[in-house]
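*Asks:* quick one: sequence plus predicted model below, questions after.
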Amino acid sequence: MSNAPAENATAEENAPEEVIDLAAANQVIDQYLTLPGNLMPVLQGIQEEYGYVPKPAINLVAERLNVYPSQIYGVLTFYAQFHLKPRGRFIIRVCVGTACHVQGAPRIVDTFFEKLGIGHAETTPDLRYTFEKVACLGACGMAPLAMVNDDTFGKMTVQKVDEIVAEYNQRPMK
Amino acid sequence: MPKLIIDDIAVEAAEGVSVLEAAKSVGITIPHFCWHPALGRAGACRVCAVKLLDGPVKGIQMSCMLPAQEGMVVSTTDPEAVALRRQVIEWLMINHPHDCPVCDEGGECQLQDFTIACGHGTRRFVGPKRTHVNQELGPYISHEMNRCIQCYRCVRFYQEYAGGSDFGVMGSAGKVYYGRFESGQLESPFSGNLVDICPTGVFTDKTARFRARYWDYDMAPSVCPGCSVGCNITPVARYRELLKIVARRNDMVNGWFICDRGRFAPKGVNAPSRPRTSLVDGVKTGREEAMDALLRRLGEVAELYGEGSIAVVGSTRLSQEGATLLPLLAESISAGALSYGLSAAESRASSGAISMLTLENGASIADVENADCIAIYESDLREEGPMLLLAVRQAWRRGAPVLLVGENSPLEQVRGVGIEAVQLHYMEEAPLAIFERPVVIAGMRHGDPRVMAVLDRSGARVACLFPGPNGHGAALLCAEHGGIPLEEALAKGKVKGLVAVEADIPAELLAGVPFVASLDWRETAAVQAASVVIPTAAWVECDGTYVNFEGRAQRFSRVMKPGLPIKELDPACHPPRIHQGDPPGGDILPSWQVMIEMIRLAGEKVPDGPFSGSWANLTSLDPEGEGEVIRGRCRRDS
């Protein structure tokens, strides 16, 4: 007597299932299959492979590790380290901590929003950029500060935002 | 049996119980949210703090987490404990939206009660509250996460107790969220219990949303008519309309919970098409005239077609009161055939079951929960008795293997409660003998009655799932009075006059019967085919008794007066100009009283009440009691 599906499902629920190649996820699971408490390393491994944890992979992990999908979602949403949506090739992080704030970080953030057409914790549709405001990057002497993946840009200005975006637009996606 | 002192009262607690339960046993209620009798403790809410003045542990402790021990001196009223509880509840209420006026839980809300009980009356925090986005959880349950106090009861019930896999807890710290990962209908067949178990209004019954407050309800102890398990329920009505159904505790039957099928089944009691007045050839008449016409026409049928041309048919949803009077009614109108509406297969299975069951070998739900091996024989419990599936899960959690025997025991049924089972072909393959407390749950729809002999020899306790809420009672009376299967009674074309008492008879069997009379509260095929219709009171509109699958007779009480729901009355007739004692459409008697009237009109001796002779012990059943087990009275060798 499993309850029947809701009649008025939203458009989002009717969206087609994500299709991804699960071979890599299967490999990660194979690697940790016999390890006690293997859920965390499996999810971390999958995120490393795909850049995020895709929904079909969650169902696969649930099936193979014999854990409820709802429990996996519980773990994934508990930790800030996991991402459930695809992330950009370049992660732009702009510090909005106290020192950077005083040095004009809000204007840097706004300029990035304008340039990229996305907001905080969002990803451009071409998957090139993900933008995040962060509390402190630990380099207050260089305020205001921005990072793109592992590259650091200190003493940011609005002009430098243009330069950074122009430069990373040229970089290859792989 | 540790002895301790709680608030100057000496308490002798049962072994292993917590201080909170020990206090409850002497009538001291310590505020609690995460602790629930069926789920145990979680230590999540911190609101049950007490102070221990002396004994093995001292200082402030959480009473739900602390086992009662010898020599403890507990104070629930110590200023330190009171202050802590007040601070905890204030903290739990920080993000609560205070939307009690528009919350369906208002008036029956544990959070309201314990907020007041803990002494938090004025809000001091003026900052913004955290808010959540609610989910669409299907047509039955509303979700309002802002009211949540993070007691973890819902997820503990849903995942651990009921084995549901699609609902859980997400996020961390201030963003803890209980729900599905995305909107969608809850999949567990026991999801409705979230409504009962949530101490506040996060989950409320969508089917009765914004309809009434607790103090407006018409309520009475009742028994679910959905299947033969006979779960104890409290139907909630207002203005002669059944609004919703909540679980009622009976540890011998359903414990604290009921299934979604019983809770959310369409409420036929409110159906506008229900027969409300007596009809003769489609014309409204009084009840007396309709009975006269009925008896006169039956006389004509008997004269025309001779003896044995009249049949009386009951059903397994007819209360035991009606079912015991059915043979007397049949006698008074000289009926040649008496049937309890069972099919030939059901009849064979039921008679096999009652002749096998004894007081010793019958299984209750508690026996299922405590079993060390369970075999489900030819049954889909989702259809025949969903609550047994929940009991099977509790046994499985304690390590009992679950065997599905026969091709009509689908594997999908156990997946719904998150357990694993082994499939077998034949009952003989089940290794019941190597277990100490094996239980077999036998379905009646597809089961082979010959297997009853195998079960009898196996030493296992047996739960037989009779059809209908009073299937066991009907089967006992069938055996006593020689009731015959429905097809046998009607198929041969011999029957020319039929009295259907709350009977569900397929239309094709009715086609060849010239005169049909129907006593019913549902619009069945028999009501549609009948020339004489006499309405009867539905199960929530009268007292009655059902005998459940294990042979436990349980009394249910009248919840509301019979009559048209107020919202169905013609607005032009309001306000009423004529004084009436009964509400409109309320001149309705329970079926057994209609039968007594008919016996009287037929000129036979009228019994004092529905139960006489060997059934007299059912007269004094307590609706709030545990019921009385009457199985085994028809066993052949006794």
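*Replies:* Perfect, thanks for sending it.

*Asks:* could you list the low-pLDDT ranges of chain A?
*Replies:* Scanning chain A for pLDDT under 70 picks out the ranges A:1-17.

*Asks:* ranges for the strands of the stretch 151-300 of chain B?
*Replies:* With DSSP state E, counting those that start in this stretch, the ranges of strands along the stretch 151-300 of chain B come out as B:168-170, B:177-179, B:203-205, B:218-219, B:222-223, B:232-238, B:241-247, B:278-280, B:283-285.

*Asks:* what packs against the fifth one?
*Replies:* Applying 3 or more CB pairs under 8 Å, 6 or more residues apart in numbering or on different chains; DSSP states H and E, we find strand B:222-223 packed against strand B:232-238, strand B:552-556. (Glycine included, C-beta is placed from N, CA and C.)

*Asks:* those: which one's closest to residue B:373?
*Replies:* strand B:552-556 (23.3 Å; CB to CB).

*Asks:* average model confidence for the closest one?
*Replies:* If you average the pLDDT over strand B:552-556, you get 96.

*Asks:* can you name the element that comes right after that strand?
*Replies:* Remark: after strand B:552-556, the chain's next helix or strand is helix B:591-601, criterion DSSP states H and E.

*Asks:* adding mean neighbour count, write the strands of the stretch 151-300 of chain B out as CSV.
*Replies:* As requested, those are arranged in CSV below (neighbours: other CB atoms under 10 Å in any protein chain shown):
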stretch, mean neighbour count
strand B:168-170, 22
strand B:177-179, 24
strand B:203-205, 25
strand B:218-219, 18
strand B:222-223, 28
strand B:232-238, 23
strand B:241-247, 22
strand B:278-280, 22
strand B:283-285, 13
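
*Asks:* now mean pLDDT too, for those strands, in JSON lines please.
*Replies:* Formatted as JSON lines, these follow (pLDDT from 0 to 100):
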{"stretch": "strand B:168-170", "mean pLDDT": "94"}
{"stretch": "strand B:177-179", "mean pLDDT": "95"}
{"stretch": "strand B:203-205", "mean pLDDT": "96"}
{"stretch": "strand B:218-219", "mean pLDDT": "94"}
{"stretch": "strand B:222-223", "mean pLDDT": "96"}
{"stretch": "strand B:232-238", "mean pLDDT": "95"}
{"stretch": "strand B:241-247", "mean pLDDT": "95"}
{"stretch": "strand B:278-280", "mean pLDDT": "95"}
{"stretch": "strand B:283-285", "mean pLDDT": "94"}
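
*Asks:* now render the ones you listed as CSV, adding distance to residue B:263.
*Replies:* Below are the strands of the stretch 151-300 of chain B laid out as CSV (distance: least, CB to CB, whole Å):
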stretch, distance to residue B:263
strand B:168-170, 22
strand B:177-179, 20
strand B:203-205, 8
strand B:218-219, 15
strand B:222-223, 13
strand B:232-238, 8
strand B:241-247, 5
strand B:278-280, 33
strand B:283-285, 35
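
*Asks:* so which of those is nearest residue B:324?
*Replies:* Residue B:324 lies closest to strand B:222-223 among those, at 17.0 Å (CB to CB).

*Asks:* the closest one pairs with which strands, and in what direction?
*Replies:* Strand B:222-223 has these partner strands in its sheet, going by DSSP bridges: strand B:232-238 (antiparallel).

*Asks:* so residue B:382: helix, strand or coil?
*Replies:* Classification of residue B:382 using DSSP: H, G, I helix; E, B strand; the rest coil returns helix.

*Asks:* can I assume it is in contact with residue B:413?
*Replies:* Yes. Residue B:382 is within contact range of residue B:413, at 5.0 Å (criterion: CB atoms under 8 Å).

*Asks:* of the two, which one has the most company?
*Replies:* More neighbours surround residue B:413 than the other of residue B:382 and residue B:413, with 24 against 19 (other CB atoms under 10 Å in any protein chain shown).

*Asks:* residue contacts, that one?
*Replies:* Under the criterion of CB atoms under 8 Å, 6 or more residues apart in numbering or on different chains, the contact list for residue B:413 reads B:376, B:380, B:381, B:382, B:389, B:404.

*Asks:* and it, backbone torsions?
*Replies:* phi -60, psi -40 (degrees, to the nearest 10).

*Asks:* return the distance of it relative to residue B:383.
*Replies:* Per CB to CB, to the nearest Å, residue B:413 is found 9 Å from residue B:383.

*Asks:* JSON lines for the helices and strands packed on strand B:222-223, including distance to residue B:163?
*Replies:* Formatted as JSON lines, those follow (distance: least, CB to CB, whole Å):
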{"stretch": "strand B:232-238", "distance to residue B:163": "22"}
{"stretch": "strand B:552-556", "distance to residue B:163": "26"}
